[in-house]
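Visitor: Give me a 3D structure for the following:
(chains A and B)
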Amino acid sequence: MLAFIVRRLLQSIVVMLVVALVAFSLFNFVGDPINNMVGQEATTEQRAELRERLGLNDPIPVQFLRFVGNAAQGEFGISYRTARPVADLIAERLPATVELAVTSAAFALTLGIVLGVYSALNRYGWTSRFVMTASLIGVSLPTFLIGILLIWIFAVNLQWLPSYGRGEVVDLGGWRTGFLTLSGLQALILPAVTLGLYQLTLIMRLVRAEMLEVLRTDYIKFARARGLSNRAVNFGHALKNTLVPVITITGLQLGSIIAFAIITETVFQWPGVGLLFIIAIRFVDIPVMAAYLILIALFFVIINLIVDLLYYLVDPRLRVETPAARTAA
Amino acid sequence: MGASQSNSQQGPLNSRQGQAGASEEAPHGRLHRIFDSDIWHSFSHSPITVLSAIITLLFFLAAIFAPLIAPYTPFQAGSLHLMDGFTPPFEQGMSGNFYVFGTDDQGRDVFSAIIYGARISLLVGFCAVLFAMVLGVTLGLIAGYRGGWVDTVIMRIADVQLSFPAILVALLIFGLAKAMIPRDYQENMAIYVLIISIGLSDWVQYARTVRGTTMVEKNREYVQAARVIGVRPAVILFRHVLPNVMGSVLVIATIGLALAIIAEATLSFLGVGVPPTTPSLGTLIRIGNDFLFSGEWWITIFPGIALIMLALSVNLLGDWLRDALNPKLR
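Guide: A predicted model of the protein is given here:
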């Protein structure tokens, strides 16, 4: 157990160091950082002084260590484009992305489980057939097109919901939330649906497949033979056993939600970190790019670590697996 | 997993050998063999697959013969009628020209733009898949055949990359490349950068499958025999092992094409893909998106539908191919 955790932790640290190295190289070797920071009028002395002050004359390994140290403290330098600290920019925009991601994950999880259970229980009904076909199309639809179609239908034609921005936000001690105002909630609906739709279809298909599998097992037959009500069998026995893989997959999908938030935020002009990153790429704003890179990598590494540990706790078979067994598989 | 795949490929492989044998007898015999094969049977008995194949074929033909098929030349400024701008679909413009899908702000025929856009989308998708395939298959063969630390290093990288969504990897590589290429070259290089970033984001699938099959195949007698008579590893890998993994590679490549087309469209939509001077379907959707609110829906919705049709048909074709070549996966 301990060895497994230590190995996974070491792996995570190596991944983070590699990502940090990429971010560091981006920062140091792409273009001249001094040129990017000072104006055209700066004299040679000013440049040299800044170079010394930023520690750019130190050996590369020293600089890298300092970069890692700063990054660990959330210090990523100054944005080239807006001339503001990157940490502030990200802290400002993180609540928007987190609220969007959490809402769409909740939407995908609830509706996905409901539809999945329904289509497993009514396997041959026309509604579940329709839902399955629709989900196949849903999987093939690119996120940004779903967003555009939703905007076209609900914002342009029906004019029910706003098509961009977050609406009014309330400041809760630095965390600007859109959950507390009507316009904030309205603005949340379309982006959350857009972002959650792919995960919804995924969870739905997973729940359906797992339910069908479980419903075929002996203990379900036995429960029915004992005369338990359909409700007790379906929800008390069957659904419970399908939820473990669903929860792990949802956990892993949380990373994709954050990544695809880049697209959704661009479509809806949602002021989150994804939009910040896209604008940074367009303007080659390297400090922001590097910070986002490290942030998202950290997020993914933590999620994968937690999911791996959960798997380890849930599935006893993994505990006997050795590296040798792994390569043979 | 590897074993089941290599076994299940016996079907198509045998049928191919059957075709080769038949060709020596008579020309109509070969055709007969094709129409008699399992693959053709499963193809012709799945209406959705036939429909997707037809749609895919139409897109390919339209893309290849774009200048012959497109009624207008949308990206030659001289041929545009500015007064035809924002002509709705199925209506005649002020100049008397007819536009099936309407025109955009500059009087550009949306239908022709879609044909030229599909050309770019398919070109980028194809090259990206080819790049990913060559890279992934080569690394997979090497990892599976050599084993040891080479295998560990390659598969570790693959694992790490697989834990990030492909679109994010493509975005990051694109961002890196953009930061490194001088500004003056960016316009011209964009399409190559796009191909490489999508390709690099998608090689892992190939590598994993090929590695698995290679690890099984390398212990088979024919490989050992080849090794005993002193055939070089590279020749063993590419001439003897490779044909046995091509079935699964083909399936991944077909589904990969759909994914690559969507990835390209997404990147172009985000404004980091191909430049607007040679728009792909994604670029067209992005440009049209600006007019959605003023009521000119056709500029963005028609390219959107074209993209959905293309991606969906290629996807369905890939699904069918997977089932047809790998009956055990069904």
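Visitor: Give me the next element, helix or strand, following the strand or helix carrying residue A:282.
Guide: Assigning secondary structure by DSSP states H and E places residue A:282 in helix A:273-283. Sequence order places helix A:286-314 as the next helix or strand after helix A:273-283, per DSSP H and E.
Visitor: residues in contact with the helix holding residue A:282?
Guide: Helix A:273-283 is contacted from outside by A:79-81, A:89-90, A:93-94, A:96-97, A:258, A:261-266, A:269, A:285-286, A:288-289, A:292, A:295, B:171, B:174-175, B:178, B:270-272, using C-beta atoms under 8 Å, 6 or more residues apart in numbering or on different chains. (C-beta placed from N, C-alpha, C; glycine too.)
Visitor: Okay, and which of the residues you listed map to helices?
Guide: Using DSSP state H, the subset of the contacts of helix A:273-283 located in helices is A:89-90, A:93-94, A:96-97, A:258, A:261-266, A:286, A:288-289, A:292, A:295, B:171, B:174-175, B:178.
Visitor: and the gap between the spatially most distant residue from the centre of chain A and residue A:58?
Guide: For chain A, the largest distance from the centre (C-alpha atoms, centre = their mean) belongs to residue A:45, which lies 45.1 Å off. Applying C-beta to C-beta, to the nearest Å, the value for residue A:45 to residue A:58 is 19 Å.
Visitor: Give me the three-state assignment for residue A:232.
Guide: Three-state assignment for residue A:232 (DSSP: H, G, I helix; E, B strand; the rest coil): helix.
Visitor: okay, it: pLDDT?
Guide: Looking at residue A:232, its pLDDT is 81.
Visitor: Around it, how many other residues sit close by?
Guide: 14 (other C-beta atoms under 10 Å in any protein chain shown).
Visitor: Now do the same contact list for the closest residue to it other than its chain neighbours.
Guide: Spatial nearest neighbour of residue A:232, excluding adjacent residues (C-beta to C-beta, 6 or more residues apart in numbering or on different chains): residue A:223 at 7.4 Å. By C-beta under 8 Å, 6+ apart, the contact set of residue A:223 is A:232, A:233, A:237.
Visitor: Which strand or helix spans residue A:223?
Guide: Using DSSP H and E, residue A:223 falls in helix A:218-225.
Visitor: Pull the distance from that helix to the chain's centre.
Guide: From the chain centre to the centre of helix A:218-225 is a distance of 39 Å (C-alpha atoms, centre = their mean, to the nearest Å).
Visitor: Can I get it as PDB, trimmed to CA atoms?
Guide: What follows is helix A:218-225, C-alpha atoms only, in PDB (Å, rounded to 0.1, in the frame of the first residue of the first chain):
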ATOM      1  CA  ASP A 218     -27.800 -13.900 -10.000                       C
ATOM      2  CA  TYR A 219     -28.200 -11.700  -6.900                       C
ATOM      3  CA  ILE A 220     -30.700  -9.500  -8.800                       C
ATOM      4  CA  LYS A 221     -32.600 -12.600  -9.900                       C
ATOM      5  CA  PHE A 222     -32.500 -13.800  -6.300                       C
ATOM      6  CA  ALA A 223     -33.700 -10.400  -5.000                       C
ATOM      7  CA  ARG A 224     -36.600 -10.600  -7.400                       C
ATOM      8  CA  ALA A 225     -37.400 -14.200  -6.400                       C
END
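Visitor: Would you mark the buried spots in it?
Guide: Residues A:220, A:223 are the ones in helix A:218-225 that count as buried (16 or more other C-beta atoms under 10 Å in any protein chain shown).
Visitor: State the mean pLDDT of it.
Guide: On average, helix A:218-225 scores 85.
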